[in-house]
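In: show me the folded form of this:
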Amino acid sequence: MAPGDVVVISGAGTLGLGMVAEAALRRPGKLISLDLNPRRLALARQFGADLALDPSKEPALQTVLDMTDGYGCDVYIEATGHPASIRQGLDMLKKGGTFVEFSVFKDPATLDWSIIGDEKELTIYGSQLSPGCYPEVIAQLADGSLKHDGVVTHRFPLEAWQEAFRTAGSGEAVKVLLLP
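Out: The predicted structure follows:
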């Protein structure tokens, strides 16, 4: 990702929100966050997204194409774990763009891969947390440059672990913290 790029991050869970905050520090031309949860979209805006869209309610693909004169985004980071996000990203990317697959999928994801080479000549990266990212992120959290306030939405004592797990799975939480 380079300064001035149009960057789309699909998924505003804990890691997607961290990616939004980190991407904002790198000064993209436009930073767009996609998620189905309004609370997460609000946090994405707070963390630096210029635009936060729910693709189930808004035409995210058309919005990105319109803002890029029909070319598409430079970088698409997939952080949802949902197969539909892959196709959305491939459609949203400009020719020569970069697709980053970060999430883990419950089910196999399939599509016509000819879009990657024949149609768009995309660069694709697989990514997962690696030991090399921790020192930089820890330093950014310590110096306050990486926004994160609001990611932990619920705190429970350890004895209330069942309620904490129910809350985590309810969709109302972003991140649940168990306190010893």
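In: hey, where'd the helices end up in the protein?
Out: For the chain, the helices defined by DSSP state H occupy 14-25, 38-46, 60-67, 83-92, 114, 134-143, 161-170.
In: among these, which is the most enclosed?
Out: With neighbours defined as mean count of other CB atoms under 10 Å, those peak in mean count at helix 14-25, which reaches a mean of 21. No exception for glycine: its C-beta is placed from N, CA and C like everyone else's.
In: so which residue of the chain lies furthest out from the middle?
Out: For the chain, the residue at maximal distance from the C-alpha centroid (CA atoms, centre = their mean) is residue 159, at 32.2 Å.
In: which of the helices of the chain sits closest to residue 107?
Out: helix 83-92 (6.9 Å; CB to CB).
In: using TSV, please lay out the helices of the chain together with mean pLDDT and distance to residue 104.
Out: Below are the helices of the chain laid out as TSV (pLDDT from 0 to 100; distance: least, CB to CB, whole Å):
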stretch	mean pLDDT	distance to residue 104
helix 14-25	93	10
helix 38-46	95	18
helix 60-67	97	22
helix 83-92	94	12
helix 114	86	25
helix 134-143	84	19
helix 161-170	93	17
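In: okay, those in JSON lines with distance to residue 5 next?
Out: Shown next, in JSON lines, are those (distance: least, CB to CB, whole Å):
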{"stretch": "helix 14-25", "distance to residue 5": "9"}
{"stretch": "helix 38-46", "distance to residue 5": "17"}
{"stretch": "helix 60-67", "distance to residue 5": "12"}
{"stretch": "helix 83-92", "distance to residue 5": "13"}
{"stretch": "helix 114", "distance to residue 5": "25"}
{"stretch": "helix 134-143", "distance to residue 5": "20"}
{"stretch": "helix 161-170", "distance to residue 5": "33"}
